Structure formats: C-alpha cells, structure tokens
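Novice: Curious how this folds, go ahead:
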Amino acid sequence: MKKGVKVVAMVMMGGVFMLLKGVPLPPGPFELKQPNGYTFMAVGYGDEFYGRIETEDGWTIVQGRDFYWY
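Specialist: Here you go, the predicted structure:
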C-alpha cells in the first residue's frame, strides 16, 4: 500500500515540475520604471535558461537591492 502511495506522489510531483517551465521574454523594447519615477526603454533577451536586459544603446543593466536599475 505504501509503495503505491509513493508512486502516485512521484507522478504528481513530476506533473508539477512539468508546469514550472520558463518562458522567453517578449520581443521588442519595453519600459522600465525607477523607484523615483524616471522611466527608460529596455530590451530583453533570453529564454528559460539565460536572460539579460539591455538599454536600447546596448548596455547591460541589472536591478539592485534598492530596486533601481543600474
């Protein structure tokens, strides 16, 4: 009986992990907003394994712990 429960639990966990797939970023530029209200355009590249965001000039940007984009 316990072996059957383990098998069912493993199948259910596998189904959950199948739903947790990443999706690619939408193509084209989008607007990012700084906490102080300043906005700028950025472009995202990547997929579920790797992603990056750049300014329209090609500079890579990251979001800091203070929620500002650098």
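
Novice: how many neighbours does residue 42 have?
Specialist: The burial metric for residue 42, expressed as a neighbour count using other C-beta atoms under 10 Å, is 16. In short, each C-beta sits where N, CA and C put it, glycine included.

Novice: That one contacts residue 54, doesn't it?
Specialist: Yes - the pair residue 42 and residue 54 passes the contact test of C-beta atoms under 8 Å, sitting 6.6 Å apart.

Novice: longest single strand anywhere in this structure?
Specialist: When every strand of the chain is counted residue by residue (DSSP state E), the longest turns out to be strand 39-46.

Novice: Give me the angle between the very next helix or strand once past that one and strand 39-46.
Specialist: If you walk from strand 39-46 toward the C-terminus, the next helix or strand you reach (DSSP states H and E) is strand 51-55. Angular relation of strand 51-55 and strand 39-46 on a 0 to 180 degree scale: 150 degrees, by axes from the mean of the first three to the mean of the last three C-alpha atoms, to 10 degrees.

Novice: Run through the neighbouring helices and strands of strand 51-55.
Specialist: Here strand 51-55 is seen to pack against strand 39-46, strand 60-61 when contacts are counted using 3 or more C-beta pairs under 8 Å, 6 or more residues apart in numbering; DSSP states H and E.

Novice: ok, residues contacting the longest strand of the chain?
Specialist: Under the criterion C-beta atoms under 8 Å, 6 or more residues apart in numbering, residues 24-26, 28-34, 51-56, 61, 69 lie in contact with strand 39-46.
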